[in-house]
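> Sequence plus the predicted model coming up.
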Amino acid sequence: MMNKTMRLLAVPTLALGALALSGGSAMAADSSYSSTLGQLNGSTGSGTITVDVTGDKAMVNLQVSGLAETFMDGPYPHVQHIHGGSKGQCPTPAADTNGDGVVNTTEGAPSYGDIQTTITTSGATTPAEGLNIALGGQGGSYQIQREITLDAATKASLEAGVAVVVVHGLDPATLSPEAAAAPSDLDPALPLAATSPALCGTLVATQMGAMPNGGADTGVAQETGSNAGMIALGGGLVLAAAAGGTFMVRRSNAKA
């Protein structure tokens, strides 16, 4: 009698396992990219980003901490972008051609290219929103997690490995007197500190759901994990559920 009961239980359990695996496959993104963001211009911040692409849609998860926190008695607005169409690199201090101690956005452009997508907290994500501080991250630590539409140029840069994420906004107190008093190279109505790069990282192809890996100074992620491990995990979850156990798995996902 017990063997018969166990056989009956095994059928729905296996069916649930098949459903779980087929459902996970149907929801998988076409491709996934990630980066650990390195520090620029004396920034003390850190950040990670993942971009999961399905067709012309992308789920972006950006997490930043340790940046400048306040500006004129309010939260510091940090803008961030995906740049592309160039070398796919973050600039080195040698890019500071005017010698003021800051690699501004214009000086960094030969390394990472023009703005292709603005990573905003809401609304439009076009290059036209590049300096829209109302849609930037607020304060020294924040997360932006949203689905956006990718244009053809951004998607091409991702696929070619030359898409670079740049987060802007430096603490003027950390700059030379000359740089702290200078206007932005992009908009003279803003200070140089507000639009200069603070974090930078090249987006590299990774296994779906993998967290960025490697040193923060490199801005380069390494592939981790395996499909076999995910399949085994899926089966384990189904069996645990059948046994009456409840398990939660949080997918960890990872501003130019």
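Here it is on my side, so go on.
> Could you list which residues are in contact with L175?
N41, G42, G101, V102, L192, A193 (Cβ atoms under 8 Å, 6 or more residues apart in numbering). Glycine gets a C-beta too; all of them are placed from N, C-alpha and C.
> Against K155, how distant is the fifth one?
Separation of L192 from K155 (Cβ to Cβ, to the nearest Å) stands at 32 Å.
> who has more neighbours, the two?
L192 (23 against 19; other Cβ atoms under 10 Å).
> Surely the more buried one is in contact with A179?
Yes. The criterion here is Cβ atoms under 8 Å, and L192 meets it with A179 at 5.8 Å.
> Need the residues touching each of the two.
Each of V102 lies in contact with both L192 and A179 under the rule Cβ under 8 Å, 6+ apart.
> rewinding a little: which of the contacts of L175 sits closest to T117?
Taking Cβ to Cβ as the measure, T117 lies nearest N41 of the contacts of L175, at 22.2 Å.
> Now do the contacts for the closest one.
Shown in contact with N41 (Cβ under 8 Å, 6+ apart): G101, V102, V103, L170, L175, S196, P197, A198.
> For these, give me a markdown table that also has pLDDT, distance to L37 and secondary structure.
Listed next are the contacts of N41 as a markdown table, based on pLDDT from 0 to 100; distance: Cβ to Cβ, whole Å; DSSP: H, G, I helix; E, B strand; the rest coil:
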| residue | pLDDT | distance to L37 | secondary structure |
| --- | --- | --- | --- |
| G101 | 95 | 21 | coil |
| V102 | 97 | 18 | coil |
| V103 | 97 | 15 | coil |
| L170 | 97 | 14 | coil |
| L175 | 94 | 20 | coil |
| S196 | 97 | 15 | coil |
| P197 | 98 | 10 | strand |
| A198 | 98 | 9 | strand |
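> in the stretch 1-150 of the chain, what spans have low per-residue confidence?
Within the stretch 1-150 of the chain, the ranges that satisfy pLDDT under 70 run 1-27.
> Which stretches in this structure count as helices?
Ranges of helices within the chain are 2-27, 105-112, 152-160, 177-181, 192-195, 227-242, based on DSSP state H.
> what mean pLDDT does the last one have?
What it means is helix 227-242. Per-region confidence: helix 227-242 scores 29 on mean pLDDT.
> And for the fifth one?
For helix 192-195, the mean pLDDT works out to 96.
> Out of the contacts of N41, flag the one nearest to Q138.
A198 (14.5 Å).
> Ramachandran coordinates for the nearest residue to that closest one once chain neighbours are set aside?
Of all residues not flanking A198 in the chain, S43 sits nearest, at 4.0 Å (Cβ to Cβ, 6 or more residues apart in numbering). Dihedral pair for S43: phi -60, psi 150, per degrees, to the nearest 10.
> which residues sit in contact with S43?
Contact analysis of S43 by Cβ under 8 Å, 6+ apart lists G66, L67, L170, A198, L199.
> next one: G66
Neighbour list for G66: S43, T44, G45, S46, G140, S141 [criterion: Cβ under 8 Å, 6+ apart].
> Just give the number of residues close to the nearest residue to the fifth one once chain neighbours are set aside.
This points to G140. Spatial nearest neighbour of G140, chain neighbours left out: E69 (3.7 Å); criterion: Cβ to Cβ, 6+ apart. By the measure other Cβ under 10 Å, the count of residues near E69 is 12.
> Tell me how far E69 lies from A182.
The gap separating E69 from A182 is 21 Å, by Cβ to Cβ.
> cool, and G123?
From G123 to A182 the distance is 30 Å (Cβ to Cβ).
> Please say which of the two ends up with more neighbours.
A182 (20 against 12).
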